[in-house]
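Visitor: Provide a 3D model corresponding to the input given below.
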Amino acid sequence: LRNLTYSAPINLKFSEYKNEKLMQEGTIKIGDFPIMVKSSACRLSNLSPEELIKVGEDPRDPGGYFIINGSERVIVGVEDFATNRIFTERKKVGSSVIYISRTFSATVGYRTKVEVRFDSQKQLIRVRFPGIGEDIPFVILMRALGVSTDKDIAYITSPFVEVQENLMKSFDEASSFLDTESALDYIGGRAAYGQPKEVRIRRAEYLIDKVLLPHIGREPTDRIKKAYFIGKMAERAIAVKLGWRKPDDKDHYKNKRLRFAGPLIAELFRQGFRRMVRDLKHQLQRADIKRTTPRHIGNLVSTRLITDLLNHAIATGNWSRRLVGVSQLLDRTNYLSTVSHLRRLQSTLSRSQSNFEARDLHPTQWGRIDPAESPEGSNCGLVKNLSLLCQVSTTSNPEEVIKILNSLGMVPVEKANEEIAKSWAEIYVNGTLVGYHPEGRSIFKELIRLRRRGKISDQVNFGFYRHNYGGTARRRGKEKERKAEVVINTDAGRVR
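Guide: Numbers count the residues shown, from 1 in each chain. Prediction:
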């Protein structure tokens, strides 16, 4: 193929204003974007087998790969944990048992890990998130988020008395910090040690707004929503300790998400576009200082920044420090090996560690993952292949689902009282509690019926779970368990 790259130009519409006056506008090229063969952007996508033969193409070629510098490269899918969900874990540390609620909070181009840790020996709850060198007491963080009274903190955490009793030591620990300002000062003192009070508070506000749970929001008005989410994380950790629910299975395939060429290239493009904007800003500043003749923005844009970043990543397979070997040379041994390679997955876990449970077959992989095709050696169980008939979900709009839930009688979280929160079914959309409904199973069946009628996208999935909250014995047909959950997922990457 003579070192050719199959790509298309990326054009950007721009308008330049100076003192609110339009100086110039137009369209400029900012780089070249690799095109996947047989994708909707490819010229071959809508051709019939006869037309493909006429233009010299194999009509049975499945496509799904890129041509970079004359070689066929396939982007292998990346298997990772689902983001914005709460995972619980029981961990023994010395003589103490730590109950952990963990979430990987992710928004566009940004991801952080947040942990709520309940020490069963000390009876203390701490929160761990990036930007601070030590764990923050749970009650202090809740007060920093604007929940000032002990009663409100206890209610937001859980309506169950048994859970609230496990908060007593945490309230005693935070007895010196009774308002939002003192709580922010405490957090800021751990992040900006030795700085004036105003700087400490400003730093603490930045951390809880921008770094803590960015998927919920990054504005001060979103703090109360973050308090509800942190409270739910604490409740789940205590519920595991009380035996009301089991720790989550990390290897269950409902807790995994796959990223293929689209999200992976979008991540690279975002990096390249930011570099290009920074470089353009610098070039404009230089041009304004030295300007003697009228300049055009198109002459200042470096088209190689985005092009080289995308081509180099696909050609070498090195996406970031954490992701290597993502792009591989397409296996053309025979037709089946080509199809198999296009459906290959790799885990982000280290090959040098044992990770026995992650490498084992899991019952939820049945019908989704080929149980036999996995390499020997250090990659065994970490490199897998999708079955031929499984599907990977695409994104749907969660707001449309929430509108339907409201029309079906859902009570939003902010309007629920203690009795509703205690006895009604909880409704989660993409891992976030959005409201309550008196009949969890009936609304679950109604959502499935609406999906079958086409009122809800077929890419949306529903789940119904019961947990033994309150310690009610499990007796089928005799006693009703006290807590039901309706779980709704609309995100991309779910294997079905």
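
Visitor: give the contact list for the residue positioned nearest the centre of the chain.
Guide: With the centre of the chain defined as its mean C-alpha position, the nearest residue by Cα atoms, centre = their mean is Thr83, 3.0 Å away. With Cβ atoms under 8 Å, 6 or more residues apart in numbering as the criterion, the residues that contact Thr83 are Thr103, Phe104, Ser105, Ala106, Arg111, His215, Arg257, Gly431, Asp491. Glycine gets a C-beta too; all of them are placed from N, C-alpha and C.

Visitor: what about 6 Å?
Guide: Phe104, Ala106 (Cβ atoms under 6 Å, 6 or more residues apart in numbering).

Visitor: distance of it from Gly470?
Guide: Counting by Cβ to Cβ, to the nearest Å, the gap between Thr83 and Gly470 amounts to 30 Å.

Visitor: Also Ile86?
Guide: As judged by Cβ to Cβ, Ile86 and Gly470 stand 20 Å apart.

Visitor: So these two - more neighbours on which side?
Guide: Here Ile86 and Gly470 are set side by side on neighbour count (other Cβ atoms under 10 Å), and the busier one is Ile86, at 20 against 17.

Visitor: For the stretch 351-496 of the chain, just list every one of the helices.
Guide: According to DSSP state H, counting those that start in this stretch, the stretch 351-496 of the chain carries its helices in the segments 356-359, 398-407, 418-423, 440-452.

Visitor: Next, format the ones you listed as TSV and append mean neighbour count and distance to Phe129.
Guide: As requested, those are arranged in TSV below (neighbours: other Cβ atoms under 10 Å; distance: least, Cβ to Cβ, whole Å):
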stretch	mean neighbour count	distance to Phe129
helix 356-359	13	25
helix 398-407	15	24
helix 418-423	14	25
helix 440-452	16	31
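
Visitor: I'd like the ones you listed written out as JSON lines, with distance to Val161 and mean pLDDT added.
Guide: Output for the helices of the stretch 351-496 of the chain, formatted as JSON lines (distance: least, Cβ to Cβ, whole Å; pLDDT from 0 to 100):
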{"stretch": "helix 356-359", "distance to Val161": "36", "mean pLDDT": "88"}
{"stretch": "helix 398-407", "distance to Val161": "29", "mean pLDDT": "94"}
{"stretch": "helix 418-423", "distance to Val161": "10", "mean pLDDT": "86"}
{"stretch": "helix 440-452", "distance to Val161": "22", "mean pLDDT": "94"}
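
Visitor: could those go into TSV alongside distance to Arg202?
Guide: As requested, the helices of the stretch 351-496 of the chain are arranged in TSV below (distance: least, Cβ to Cβ, whole Å):
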stretch	distance to Arg202
helix 356-359	42
helix 398-407	33
helix 418-423	34
helix 440-452	44
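
Visitor: how close does the residue nearest to His252 when sequence neighbours are not counted sit to Leu305?
Guide: The shortest distance from His252 to any non-neighbouring residue, by Cβ to Cβ, 6 or more residues apart in numbering, is to Thr364 (5.3 Å). Shown here: Thr364 relative to Leu305, a distance of 42 Å by Cβ to Cβ.

Visitor: go on, Ala266?
Guide: Ala266 is 16 Å from Leu305, by Cβ to Cβ.

Visitor: helix/strand/coil for the nearest residue to Asn69 once chain neighbours are set aside?
Guide: Of all residues not flanking Asn69 in the chain, Asn3 sits nearest, at 5.2 Å (Cβ to Cβ, 6+ apart). Recorded secondary structure, Asn3: coil (DSSP: H, G, I helix; E, B strand; the rest coil).

Visitor: Then the one 10 residues further on?
Guide: Here Lys13 is recorded as strand under three-state DSSP.

Visitor: That one against Thr27, yeah?
Guide: Yes: here Lys13 lies in contact with Thr27, judged by Cβ atoms under 6 Å, at a distance of 5.3 Å.

Visitor: my read is His282 is in a helix, agree?
Guide: Yes: secondary structure assignment places His282 in a helix (three-state DSSP).

Visitor: Any idea how many residues pack against it?
Guide: Every residue meeting other Cβ under 10 Å relative to His282 is counted, giving 11.

Visitor: my guess is Asn11 meets Gly31, correct?
Guide: No: the pair Asn11 and Gly31 does not pass the contact test of Cβ under 6 Å, sitting 9.6 Å apart.

Visitor: Among these two, which residue is more densely surrounded?
Guide: Each of Asn11 and Gly31 has its neighbours counted (other Cβ under 10 Å); Gly31 has more, 24 against 11.

Visitor: If the more buried one is in a bridge, with which residues?
Guide: Beta-bridge partners for Gly31, by DSSP bridges, are Ile10.

Visitor: which residues sit in contact with it?
Guide: Ile10, Thr303, Ile306, Thr307.

Visitor: try 10 Å this time
Guide: 7, 9-12, 269, 272-273, 276, 301-311 (Cβ atoms under 10 Å, 6 or more residues apart in numbering).

Visitor: Restricted to helices, list these.
Guide: Members of these lying in helices (criterion: DSSP state H): Phe269, Gly272, Phe273, Met276, Arg304, Leu305, Ile306, Thr307, Asp308, Leu309, Leu310, Asn311.

Visitor: Let's see if you can find the most crowded of those residues.
Guide: The most crowded member of those is Leu310, carrying 24 neighbours; neighbours defined as other Cβ under 10 Å.

Visitor: Many thanks, have a good one.
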